[in-house]
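K.L.:
Here's a sequence, model it:
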Amino acid sequence: MAAGSRLAVAARGGDGDEGSMTDRGGQTGVVRGGSVIVDDDRRIVSVSPGLARLLGHEPAEMVGHTTLEWVVGDPDAIVAEEEQPSTGPWAEVSRRRLQLQHRDGSMLWVRSTRARLGEGGGGVIIIDDISEQVEAEAVLASQAARTAFLSELSVALSEAGPDVRAVLDRLTRALGRFYDACSIARLVGGDGVYRVAASYGADAERTSRLVDRTGELTELVPWVNGVLRSGRALAGRVDDLVAGASEEVASLVADLGLSGALTLPLLGPDGPVGLVAVVRFGPGGAGDADRVVTDGEARCAFTYDDAHRAFTHDDAVFADQVARLASLALENARLVAALEARTEAAEEVTEELRRAVRLLGSSIAQRRALVRRLARAQEDERSRIAVEIHDDSIQVLTGVGLKLQLLRRLVSGAAATDILDDLEQTVASATDRLRHVLFDLRPPALELKGLALSVEELADRLLAPSGCQVSVRSMLGRPPSSLQAAVVYRIAKEALTNVARHAQAVRVDVVFEDRSGGLLLRVSDDGVGFDPAVTGDDRRFGLPLMREQAELAEGWLTLSSQPGRGTTLEAWVPGGDSEGGGDSEGVGTHEGASGQVGGRSSGSSAD
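P.N.:
Here you go, the predicted model:
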């Protein structure tokens with residue numbers, strides 16, 4: 001509805017209560033508000049019940065008062081959002097965004113659309129409650145400000161170079177200005193004592209007092225040690241943070257005039273290396289000027305309790321991001337400084353230090369390569385051991401068996417025959433056990449038949465005796481690498497062994513599929529399930545071993561189960577260049593008396 005038409009409705013006595021209304025942007029929604037008719041002195045002649053309820057009054061209580069009595073701030077300073085030329089009987093139509101005060105003292109944001117009649121101040125004013133819209137705009141502005149802050153801080157810290165003090169100076173200055181507060185950074189020395197390394201505050205006198213007594217605060221205030229132990233930021237009102245503390249602490253906080261505190265740890269590879277405290281003072285402290293949202297723009301990039309200037313949980317979450325960024329910058333500064341010092345001290349290690357700097361920049365890629373090499377080395381070691389068992393131990397035992405047969409021809413007597421029988425049985429049993437170990441170390445089916453068929457045969461062998469139905473599906477677009485196949489096969493074997501021993505399942509589904517550049521295995525059963533939260537179940541069912549195998553290949557493993565609801569296990573292993581020996585059938589399905597191959601393993605885990 002156009003503004004002029006709505007004003008005409010209001011002038012005819014429209015209530016203006018909640019209802020469906022379309023704004024100028026074409027968006028329709030529920031609008032709370034109403035309308036008033038004012039005379040040339042801006043005194044209310046008539047007010048709709050909806051608007052009166054919005055402000056916590058009865059209509060009769062508002063009649064005779066000026067509309068300015070409910071406006072927060074200077075009405076003449078509020079700039080109109082929109083001005084329209086005269087329309088019909090209206091001399092002027094304008095829209096403004098402003099704050100009104102509720103009867104209980106709370107504030108609400110509204111959009112005021114005023115149509116003035118003639119040359120006087122009389123006319124109709126339509127009020128729409130836009131508090132939720134303004135709040136959403138403020139949240140978006142806050143998020144944008146925080147994002148911009150992180151970006152600017154990252155650039156500033158990187159420009160500080162290897163100078164740790166420069167990093168901390170830039171950090172404290174950025175935090176102090178962003179939060180309109182005092183910011184102090186402290187580093188731990190070789191004696192374990194935390195000393196001030198940098199500080200910033202608009203109120204120089206209070207900041208200096210706080211710096212002088214910050215060591216005393218650290219020793220007395222309990223929340224600081226909690227931050228260092230947990231490695232997480234902590235925020236809130238100081239009164240809440242020191243609740244239950246000694247009178248000495250309360251006196252110290254009162255003397256310094258602290259109201260809100262935000263403490264974030266600076267972490268190194270071996271633990272805390274420092275901390276940063278962002279503190280707001282009570283009345284009379286730095287930055288006491290009110291920060292409000294005006295004309296829809298968020299003037300502050302943070303939220304806090306105006307009554308206590310306290311920090312909120314959102315500030316703590318954001319501070320954790322800042323702490324990670326600052327900790328990384330500090331660690332980089334320390335490393336670069338150490339490298340430069342070594343370069344100056346010994347010219348012969350210059351090339352080594354330069355290589356260390358390059359390695360620092362590619363540490364993630366190197367870690368991945370190392371993990372892959374470790375996984376490959378593990379598989380190679382299994383293969384080597386398997387070859388040695390086959391070519392040495394089994395051959396030796398086979399030779400022992402032949403010699404026992406030869407010995408049987410040379411001796412006589414029942415006693416000697418019984419001893420030879422026992423020896424031959426022991427040798428045969430040892431040989432069989434070694435062959436089982438050989439197959440576990442290097443399953444020949446993987447190289448001959450591929451992953452899916454190998455797991456299907458394994459599932460048939462493990463689950464067929466119990467009558468469990470197994471479905472194995474391979475939806476892989478290309479054969480997995482030999483490393484992928486070996487890791488996933490071992491996880492699938494452990495999972496299916498768990499099903500056979502514990503699940504009491506009627507059906508098991510195994511699926512292999514491509515996922516995020518890797519291979520996903522899913523093993524699901526409809527068995528008895530279990531509670532993963534019960535202490536000891538993961539060890540009893542061999543889950544740590546499966547997780548270790550997946551993580552060693554730089555993958556992951558998850559398990560979900562409930563008693564009576566079956567179990568699902570998923571394992572993902574990142575991809576690599578195919579080395580052959582994988583599935584050649586591509587996408588396919590295999591059904592049998594047992595076994596489905598794939599990403600998630602059924603949940604009753606196994607030993």
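K.L.:
Work out for me the element the closest residue to Leu451 other than its chain neighbours sits within.
P.N.:
Once flanking residues are discounted, Leu451 sits nearest to Ala485: 4.5 Å by C-beta to C-beta, 6 or more residues apart in numbering. Heads up, the C-betas are built off the backbone N, CA and C, glycines and all. When elements are assigned from DSSP states H and E, Ala485 belongs to helix 482-498.
K.L.:
residue boundaries of the helices in the stretch 101-250 of the chain?
P.N.:
For the stretch 101-250 of the chain, the helices defined by DSSP state H, counting those that start in this stretch occupy 131-159, 164-179, 204-220, 222-230, 238-241, 247-256.
K.L.:
By residue count, tell me the biggest helix in the protein.
P.N.:
helix 313-345 (DSSP state H).
K.L.:
from the middle of its chain, how far away would that helix be?
P.N.:
In terms of C-alpha atoms, centre = their mean, to the nearest Å, the centre of helix 313-345 is set 21 Å apart from its chain centre.
K.L.:
who does it touch, helix- and strand-wise?
P.N.:
Using 3 or more C-beta pairs under 8 Å, 6 or more residues apart in numbering; DSSP states H and E as the contact criterion, the neighbours of helix 313-345 among helices and strands are helix 131-159, helix 164-179, strand 234-237, strand 258-268, strand 271-281, helix 350-361.
K.L.:
Could I get the buried residue list for that helix?
P.N.:
314-316, 318-319, 321-323, 326-327, 329-334, 336, 339, 343 (16 or more other C-beta atoms under 10 Å).
K.L.:
If you compare the directions of that helix and helix 164-179, what angle comes out?
P.N.:
Relative orientation of helix 313-345 versus helix 164-179 (axes from the mean of the first three to the mean of the last three C-alpha atoms, to 10 degrees): 160 degrees.
K.L.:
per-residue confidence at the residue nearest to Leu451?
P.N.:
In this prediction, Ala485 carries a pLDDT score of 87.
K.L.:
Tally up the residues packed near it, please.
P.N.:
Applying other C-beta atoms under 10 Å, we find 29 residues neighbouring Ala485.
K.L.:
From Ser466, how far off is it?
P.N.:
27 Å (C-beta to C-beta, to the nearest Å).
K.L.:
One more: Thr431?
P.N.:
29 Å.
K.L.:
neighbour count winner among these two?
P.N.:
Legend: neighbour count by other C-beta under 10 Å for Thr431 and Ser466, higher for Thr431 (17 against 14).
K.L.:
how about the helices in the stretch 451-600 of the chain?
P.N.:
451-463, 482-498, 537-540, 543-552.
K.L.:
Quickly, which of those helices bottoms out on average pLDDT?
P.N.:
Among the helices of the stretch 451-600 of the chain, helix 537-540 carries the lowest mean pLDDT (a mean of 52).
K.L.:
Take the helices and strands packed on helix 313-345 and lay them out in CSV including mean pLDDT and mean neighbour count.
P.N.:
Below are the helices and strands packed on helix 313-345 laid out as CSV (pLDDT from 0 to 100; neighbours: other C-beta atoms under 10 Å):
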stretch, mean pLDDT, mean neighbour count
helix 131-159, 87, 15
helix 164-179, 90, 21
strand 234-237, 82, 22
strand 258-268, 86, 25
strand 271-281, 87, 23
helix 350-361, 71, 12
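K.L.:
need those in TSV with distance to Gly122, can you?
P.N.:
Shown next, in TSV, are the helices and strands packed on helix 313-345 (distance: least, C-beta to C-beta, whole Å):
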stretch	distance to Gly122
helix 131-159	28
helix 164-179	47
strand 234-237	48
strand 258-268	47
strand 271-281	47
helix 350-361	72
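K.L.:
So what pairs up with Arg237 in the strands?
P.N.:
Beta-bridge partners for Arg237, by DSSP bridges, are Gly260.
K.L.:
And the helices and strands packed on helix 313-345: which comes nearest Asp203?
P.N.:
Closest to Asp203 of the helices and strands packed on helix 313-345, according to C-beta to C-beta: strand 271-281, at 6.9 Å.
K.L.:
Sheet-wise, list the partners of the closest one with their directions.
P.N.:
If you go by DSSP bridges, strand 271-281 pairs up with strand 182-188 (antiparallel), strand 258-268 (antiparallel).
K.L.:
Tell me how this protein divides into domains.
P.N.:
3-129, 137-335, 365-441, 445-592 (automatic domain parsing).
K.L.:
now, of those, which is deepest in the fold?
P.N.:
Highest mean neighbour count of these: domain 445-592, a mean of 20 (counted as mean count of other C-beta atoms under 10 Å).
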